[in-house]
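Undergrad: Next input, structure requested:
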Amino acid sequence: MPPPEALVQLRNVVKDYRSLRPLRVESLDLHSGQTLALCGFDQMTAEILVDLITAAIVPDAGEVRVFGQPTTAIADREAWLRTLDRFGMLTERAVLVEQFTVEQNLAIPYSLSVENLTPDLRARVATLAAEIGFTSASDLERQSGILPPLGRLRLRLGRALAMNPAVLLAEHPNATLPPDDAARFAGDLKRIVTSRGMAALVLTADQQFARVLADEVLVLHPATGTLKSSSGWRRWFS
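TA: Numbering: from 1, shown residues only. Okay, the predicted model is just below:
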């Protein structure tokens, strides 16, 4: 059987972001159907890594390849947007419209007209909402701005999944959650990623959270850029 397709590859990447040292990643591979958790990235370096992978920025040295091509080979804005559509980004940087309901926020990826949803769009949104944990009509009618942290995270996850991406990129998704909610969300995220057959790269500082959802956990050594398996984790190819 051929090995799974490599969707994201980094080799000898260096990116200066005006800190004490540049971000270095010696080697990283994310394959189709794989979930990797990365530790050792703070909020800023997590954002830089995601921006490198999505080709929002390019490395100062080394190579980032996504879906088989170097990010430096993406020719124009249209090609970049087509590449970007294959990623779902679970991040606090994703803007929620606070005055909109959960249903309206989940409808935004499908339509800019969210005041009077068509029956087909409402059904599509309801299916997505149920998948991420909003299971009742009252859940969908809640104003997004008053959701608790777990609810806001679930809403951002729905937005990230709406267009059926091949790869989910998550920046410290559990940072605002208490331990019980983090454990619950980790289990839900693993279920969703597995059922969709997608790949996921999750950056987190919480190894217990990582243990629940990831096939493998890698820890960054910032000075060298090496990513080493955390002891005790099962390896994906075992």
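
Undergrad: Quick check, residue 223 in contact with residue 21.
TA: Yes. Between residue 223 and residue 21 there is a contact at 7.1 Å, judged by Cβ atoms under 8 Å. For the C-beta atoms, the positions are set from N, CA and C on the backbone; glycine is no exception.

Undergrad: These two: which has the busier surroundings?
TA: A side-by-side neighbour count of residue 223 and residue 21, using other Cβ atoms under 10 Å, places residue 21 first with 11 against 8.

Undergrad: now that one: how far from residue 45?
TA: Distance of residue 21 to residue 45, computed by Cβ to Cβ, to the nearest Å: 10 Å.

Undergrad: And for residue 146?
TA: 32 Å.

Undergrad: out of the two, which sits in the busier spot?
TA: Shown here are residue 146 and residue 45; by other Cβ under 10 Å, residue 45 has more neighbours (21 against 9).

Undergrad: Go ahead and flag the most central residue of the chain.
TA: residue 169 (2.1 Å; Cα atoms, centre = their mean).

Undergrad: just the strands in the protein please.
TA: In the chain, the strands defined using DSSP state E lie at 6-15, 23-31, 35-39, 61-66, 69-70, 87-90, 167-171, 199-203, 216-221, 226-229.

Undergrad: deepest of those, which one?
TA: strand 199-203 (a mean of 26; mean count of other Cβ atoms under 10 Å).

Undergrad: helices or strands up against that one?
TA: strand 6-15, strand 23-31, strand 35-39, helix 43-53, strand 167-171, helix 179-196, helix 207-213 (3 or more Cβ pairs under 8 Å, 6 or more residues apart in numbering; DSSP states H and E).

Undergrad: Out of these, which gets nearest to residue 150?
TA: For residue 150, the closest of the helices and strands packed on strand 199-203 is helix 179-196, at 4.5 Å, according to Cβ to Cβ.

Undergrad: can you list contacts of the closest one?
TA: The contact list for helix 179-196, computed with Cβ atoms under 8 Å, 6 or more residues apart in numbering, reads 35, 131-133, 149-150, 153-154, 157, 161, 164, 168, 170, 173-174, 177, 199-200, 202, 206, 208-209, 212-213.

Undergrad: Just the buried residues from the residues you listed, in PyMOL please.
TA: Per 16 or more other Cβ atoms under 10 Å, the buried members of those correspond to this PyMOL selection:
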select buried, resi 35+131+132+133+150+153+154+157+161+168+170+173+174+177+199+200+202+206+209+212+213
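
Undergrad: What ranges in the protein fall below the confidence cut-off?
TA: 1-2, 231-238 (pLDDT under 70).

Undergrad: can you do 80?
TA: Scanning the chain for pLDDT under 80 picks out the ranges 1-3, 231-238.

Undergrad: Can I get stretch 176-185 in CSV? Just the C-alpha atoms.
TA: Only the C-alpha atoms of stretch 176-185 are listed here, as CSV (Å, rounded to 0.1, in the frame of the first residue of the first chain):
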residue,chain,number,x,y,z
THR,A,176,-9.4,29.8,27.1
LEU,A,177,-11.1,26.6,28.4
PRO,A,178,-11.2,25.2,31.9
PRO,A,179,-9.8,21.6,32.1
ASP,A,180,-13.2,19.8,31.9
ASP,A,181,-14.3,21.8,28.8
ALA,A,182,-10.9,21.2,27.2
ALA,A,183,-11.1,17.5,27.6
ARG,A,184,-14.7,17.5,26.2
PHE,A,185,-13.7,19.6,23.2
